[in-house]
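Engineer: test case, fold it:
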Amino acid sequence: MDNFTWIAFFKVFATGFISSIIAIRTIPTINNIARIKGLLNIPGERTSHRYKTPNLAGIAIFLSACVSSLLFIYDHFEIFKMIYLASVIIFFTGLKDDILLLSPWKKLLAQIVVATLIVAADLRFIHFFGLFGVDQFNEVTSIIITMVFIVGIINAVNLIDGIDGLAAAIGVLILGFFGLFFFLNELYSWSIYCASMVGALIVFFQYNVFGLRNKTFMGDSGSLLLGLSIAVTTILFWEAHAVETLPLKFVSAPAMTLAIIIVPVFDVVRVFVYRIAHRVSPFSADRNHLHHRLVDSGFTHFQTTLILTGFNVLMIGITFALSLVLGTIWTTIGLIALTCLFVFGATNFYRKEGRKEGRKAITT
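Structural biologist: Numbering: from 1, shown residues only. Below is the predicted model:
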């Protein structure tokens, strides 16, 4: 690596390190304030925890990511200006919901505003890489697809934040993968942006999963912010493959993109289809998410997080291998088929465990 690359590497590493230090220093303080003020998440029918727990760690994630990244980002200022404005809006939307509760429609309105800001920064899906004979979207179609995607991913990430560690682990995997890709392609400011979130999420994961006195949740302020970060970087990852001079790119950008975000995307699609099939509002709350099914089958939160994160890694690897020998469409079909098999196996296991518990209850 030349001197400039070493400097860029230092900036990326320093961003992640500073972000983690800020998170380490702020999470305990925020937890103490939350306990004093009674700002705690109370266990309910859909929750998987038994004790009142602070749920404002999103504040620490927001501060850590913003401060650390702003120290080192050095280009694409116009785009990042809109991203940070969108981040502020989505963060405070989630924070208000964590503290005072916010109606779903108001949250959706805020998400649409945020998506509009990202589109206004000209960060949107433009290319379709010849799939179904489409090379590029027209402007209207591009804007609609991008806005629907951003709102969808924000909600998908929010929905997987239902057990300890899962949203953080998936966030580290996705943003870590994107950050490495951006670094290898000399998109250093974007790598810095990813590192700022990864550093904060790694620290949060420790408090969320292994914390005893300082256990905490990221709340909507954290999960909505994480969803926005994943949505933005996914769009850039997709569109970067349209640059002919890009040093490193994957054979099938659409299939690889789907593989990287497969857990939140497939979970939200599966749950919506399930609810609609059972004539229930797709926005109603239940415990039919895949992580709930695994936990209800007897797996711990940590085991479930490992299973789903490991599955995501496996799908990335398989998709990469398939893309070398198959076209984009067949690779994508293979990815979806394998995901369906995994979900079917997990759901079938859940049903078997449920029948066992039922028989035990009858015999006792």
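Engineer: check what contacts stretch 99-108 and list those residues.
Structural biologist: Stretch 99-108 is contacted by residues 39, 56, 93, 96-97, 151, 220, 283 when judged by CB atoms under 8 Å, 6 or more residues apart in numbering. The way it works is simple: take the backbone N, C-alpha and C, and place the C-beta from them, glycine included.
Engineer: how far off centre is that stretch?
Structural biologist: Centroid displacement of stretch 99-108 relative to its chain, using CA atoms, centre = their mean, to the nearest Å, is 20 Å.
Engineer: repeat for stretch 246-258
Structural biologist: For stretch 246-258, the distance to the chain centre is 19 Å (CA atoms, centre = their mean).
Engineer: same check, this time on stretch 58-67
Structural biologist: Chain-centre distance of stretch 58-67: 16 Å, with CA atoms, centre = their mean.
Engineer: ditto for stretch 5-22
Structural biologist: Relative to its chain's centre, stretch 5-22 lies at 21 Å (CA atoms, centre = their mean).
Engineer: also stretch 318-328?
Structural biologist: A distance of 24 Å separates the centroid of the chain from that of stretch 318-328, by CA atoms, centre = their mean.
Engineer: show me where the stretch 201-350 of the chain has its helices.
Structural biologist: Remark: helices assigned in the stretch 201-350 of the chain by DSSP state H, counting those that start in this stretch are 219-240, 253-260, 262-277, 290-296, 301-325, 328-363.
Engineer: take these and lay them out in JSON lines including mean neighbour count.
Structural biologist: Shown next, in JSON lines, are the helices of the stretch 201-350 of the chain (neighbours: other CB atoms under 10 Å):
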{"stretch": "helix 219-240", "mean neighbour count": "25"}
{"stretch": "helix 253-260", "mean neighbour count": "23"}
{"stretch": "helix 262-277", "mean neighbour count": "18"}
{"stretch": "helix 290-296", "mean neighbour count": "21"}
{"stretch": "helix 301-325", "mean neighbour count": "17"}
{"stretch": "helix 328-363", "mean neighbour count": "14"}
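Engineer: can you add mean pLDDT and distance to Leu173 and give these back as a markdown table?
Structural biologist: Below are the helices of the stretch 201-350 of the chain laid out as a markdown table (pLDDT from 0 to 100; distance: least, CB to CB, whole Å):
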| stretch | mean pLDDT | distance to Leu173 |
| --- | --- | --- |
| helix 219-240 | 96 | 10 |
| helix 253-260 | 92 | 8 |
| helix 262-277 | 86 | 9 |
| helix 290-296 | 84 | 15 |
| helix 301-325 | 92 | 6 |
| helix 328-363 | 68 | 16 |
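Engineer: any idea which of those gets closest to Ile160?
Structural biologist: helix 262-277 (5.2 Å; CB to CB).
Engineer: nearest to Ile79, of the helices of the stretch 201-350 of the chain?
Structural biologist: Counting by CB to CB, Ile79 lies closest to helix 219-240 out of these; the figure is 9.0 Å.
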